[in-house]
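Engineer: Kindly return the folded structure for what I paste below:
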Amino acid sequence: MKNPVLQIHPRDNVAVSLRSLDAGLTVDVAGRSVRLAAAVPPAHKIALRAIRAGEPIIKFGQPIGRATSDVGEGGWVHVQNVRTNLEGVLDYQYAPAIEPLRPIDDGKTFMGYRRPNGEVGIRNEIWIIPTVGCVNEIAQTLARQLNARALPGNITGVHAMSHPYGCSQLGDDHATTQRVLAALAQHPNAAGVLIIGLGCENNTMASFRKLIPEADSPRYRFMVAQEVGDELAAGRKMLDSLIEYAAGFHREKVPVSELRVGLKCGGSDGFSGITANPLVGAFSDQLIARGGTSILTEVPEMFGAEALFMNRCVTRPVFDRCVAMINGFKEYFLRHGQVVYENPSPGNKDGGITTLEEKSLGCLQKGGTSPVVDILPYGGRLQQRGLNFLTGPGNDIVSVTALAASGAHLVLFTTGRGTPLGGPIPTFKIATNSDLATRKENWIDFNAGQLLEKETMDSLAAKLLDEVIMTASGQPARNELNGFREIAIFKDGVTL
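Structural biologist: Below you'll find the model as predicted:
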């Protein structure tokens, strides 16, 4: 590593430390020497000149907050001397700035499972979905019993989607639970789905079944535990029939244009917006240029940077839905008496992220430069190819679940501090730095920290695309190898 600091944009008045730096060290930035006035941890910010109280702090070429006290040249710039500029709901003007990507037609394919309805899966699994938390252990027991058997080689496992909801919920919460579970039940990675209810919950089997358009196909079986004698024996019989059905599917060549990838970050650090997130943005552009689809969520982590992508909305109606998504989430915060900038997390701050604007500017780089084709509601399913925004919170497992429910085949999950988390679909972890990739290789699938060493963005994005294609073709992600899978559903109402 030749230079221990990095100025990201020529307009920036801060640079980022690439390793721990001691006070008194002199570093070269943009042709001038800066002497550090304090020790600075890795991925934290250094003042490139004297910054007066009230002046903006500029990173990524954009304001990320303002100084709350004078900061001398070479000073450590962080929470002790910086405050956000964010406030509440804003008005936005649509000024389209859309630059379509140049199409790429290189014939790339992956090996997927073509379903009768035309959709494609990248796994050939059996999913067990409880309509209510009361039957979670039935679902988990059935999954364990079936996985203990010798399954046909083209079936990659039986998985239960436990959750605590489906009863004692009212209004929007009840509808949200139904919508998310029904969307998961339609996911193409599941060749067969057993849906288990108890029998007295408000998420009744009859009402839930109506939300699945192909409920009468051989892909689905439904069991109400109170209505059968031995629910485990009945469940095994139904699963046997689903396994027989799923065994009829085999991998075949599928154009990469059919691939749908969710974009997520968690446990971010100061390198997230420099390495992993821009890398995922470059990947997203490459995928979309080939006709594929990417989905970006985490609305609260768009606050402060939203104007940079709103004018990439392809039409005024898409822009209007984007504004409604942003302001709707801000109103959700305010309705609960919370400020809209109550972020970053303590771990983010330890990793060098100071304000929500800084986090958002780094987060949104995962969306690359593509036009925004659609805005999906929480629990909504994909309708358009290209870059989609999905309504949802920043919480890791809630976001990953929503991405799965939207129809994403897998999730690219960037992280600077590391996480073992896995959703119901492959959750492919990308480290922002080589230290994390080395220390937690049992969690990490790809190292974006190579961008700070020898790799170029173009070459590493091409390698990432190849790795994603191999994952889509059957290579397991770390969360799959570890057996880490879970779901979580957004809740915002009364529980009886």
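
Engineer: Asn311 contacts Ala97, correct?
Structural biologist: Yes: Asn311 is in contact with Ala97 according to Cβ atoms under 8 Å; the separation is 4.4 Å. Where you see a C-beta, it was placed from the backbone N, CA and C, and this is true even at glycine.

Engineer: More neighbours: these two, which one.
Structural biologist: Shown here are Asn311 and Ala97; by other Cβ atoms under 10 Å, Asn311 has more neighbours (17 against 11).

Engineer: show me what contacts that one?
Structural biologist: Residues counted as contacts of Asn311 (Cβ atoms under 8 Å, 6 or more residues apart in numbering) are 94-98, 319.

Engineer: what do you get for Arg251?
Structural biologist: Neighbours of Arg251 in contact, by Cβ under 8 Å, 6+ apart: 111-113, 124, 154, 473-474.

Engineer: I'd assumed Gly157 was in contact with Arg485.
Structural biologist: No: Arg485 is not in contact with Gly157 according to Cβ under 8 Å; the separation is 9.2 Å.

Engineer: Lowest-confidence one in the contacts of Arg251?
Structural biologist: Looking at those by pLDDT, the weakest one is Asn154, with 94.

Engineer: Which among the contacts of Asn311 count as buried?
Structural biologist: Taking 16 or more other Cβ atoms under 10 Å as the criterion, what is buried in the contacts of Asn311 is Phe319.

Engineer: burial count for Asp230?
Structural biologist: Asp230, neighbours per other Cβ under 10 Å, totals 9.

Engineer: care to break this protein down by domain?
Structural biologist: Domain ranges of the chain: 5-83, 125-250, 256-482, per automatic domain parsing.

Engineer: picking up where we left off before, what touches both of Asn311 and Ala97?
Structural biologist: With Cβ under 8 Å, 6+ apart, Asn311 and Ala97 have no common neighbours.

Engineer: which stretches of the stretch 301-450 of the chain have low pLDDT?
Structural biologist: Residues of the stretch 301-450 of the chain meeting the criterion pLDDT under 70: 341-343.

Engineer: now the helices for it?
Structural biologist: Under the criterion DSSP state H, counting those that start in this stretch, helices of the stretch 301-450 of the chain are mapped to 307-310, 316-335, 346-350, 356-363, 396-406, 434-439.

Engineer: about what we covered before: okay, the domains of the chain in JSON lines with distance to Gly107 next?
Structural biologist: Compiled in JSON lines, the domains of the chain are given as follows (distance: least, Cβ to Cβ, whole Å):
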{"stretch": "domain 5-83", "distance to Gly107": "36"}
{"stretch": "domain 125-250", "distance to Gly107": "21"}
{"stretch": "domain 256-482", "distance to Gly107": "9"}
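
Engineer: Pick the most deeply packed of the ones you listed.
Structural biologist: Mean neighbour count (mean count of other Cβ atoms under 10 Å) peaks for domain 256-482 among these, with a mean of 22.

Engineer: Val318 against Leu376, yeah?
Structural biologist: No: Val318 lies out of contact with Leu376 (Cβ under 8 Å); the separation is 10.9 Å.

Engineer: coming back round to it: which one of the helices of the stretch 301-450 of the chain lies closest to Leu211?
Structural biologist: Proximity to Leu211 (Cβ to Cβ) singles out helix 396-406 among the helices of the stretch 301-450 of the chain, at 12.0 Å.

Engineer: residue with max distance from the center of this protein?
Structural biologist: Gly229 (41.4 Å; Cα atoms, centre = their mean).

Engineer: Not counting sequence-adjacent ones, nearest residue to Gly157?
Structural biologist: Glu125 (5.3 Å; Cβ to Cβ, 6 or more residues apart in numbering).

Engineer: Let's see the pLDDT reported for Thr495.
Structural biologist: 83.

Engineer: Also Gly88?
Structural biologist: 66.

Engineer: Name the SS class of Gly192, please.
Structural biologist: strand (DSSP: H, G, I helix; E, B strand; the rest coil).

Engineer: I'd guessed it sits against Asn124; true?
Structural biologist: No: contact criterion Cβ under 8 Å: Gly192 and Asn124 do not qualify, at 9.1 Å.

Engineer: which stretches of the stretch 101-250 of the chain form helices?
Structural biologist: Under DSSP H, counting those that start in this stretch, the stretch 101-250 of the chain gives helices at 136-147, 171-185, 205-209, 231-246.

Engineer: who wins for proximity to Glu453 among those?
Structural biologist: Closest among these, using Cβ to Cβ: helix 171-185, at 39.4 Å.

Engineer: which residues are in contact with the closest one?
Structural biologist: Applying Cβ under 8 Å, 6+ apart, the contact partners of helix 171-185 are 127, 129, 131, 161, 163, 165-166, 169, 190, 193, 195, 202-203, 207-208, 211-212, 220, 378-381, 401-402, 404-407, 424, 487, 489-495.

Engineer: now, which of those residues lie within strands?
Structural biologist: Residues of those located in strands (DSSP state E): 127, 129, 190, 193, 195, 220.

Engineer: Now render these as TSV, adding distance to Pro300 and pLDDT.
Structural biologist: Shown next, in TSV, are those (distance: Cβ to Cβ, whole Å; pLDDT from 0 to 100):
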residue	distance to Pro300	pLDDT
Trp127	29	98
Ile129	28	98
Ala190	30	98
Val193	32	98
Ile195	32	98
Tyr220	35	98
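
Engineer: what's the closest of those to Arg385?
Structural biologist: Ala190 (21.6 Å).

Engineer: How about that closest one, nearest residue that isn't a chain neighbour?
Structural biologist: Trp127 (4.1 Å).

Engineer: That neighbour and Val193 touch, don't they?
Structural biologist: Yes: the pair Trp127 and Val193 qualifies as a contact (Cβ under 8 Å) at a distance of 5.0 Å.
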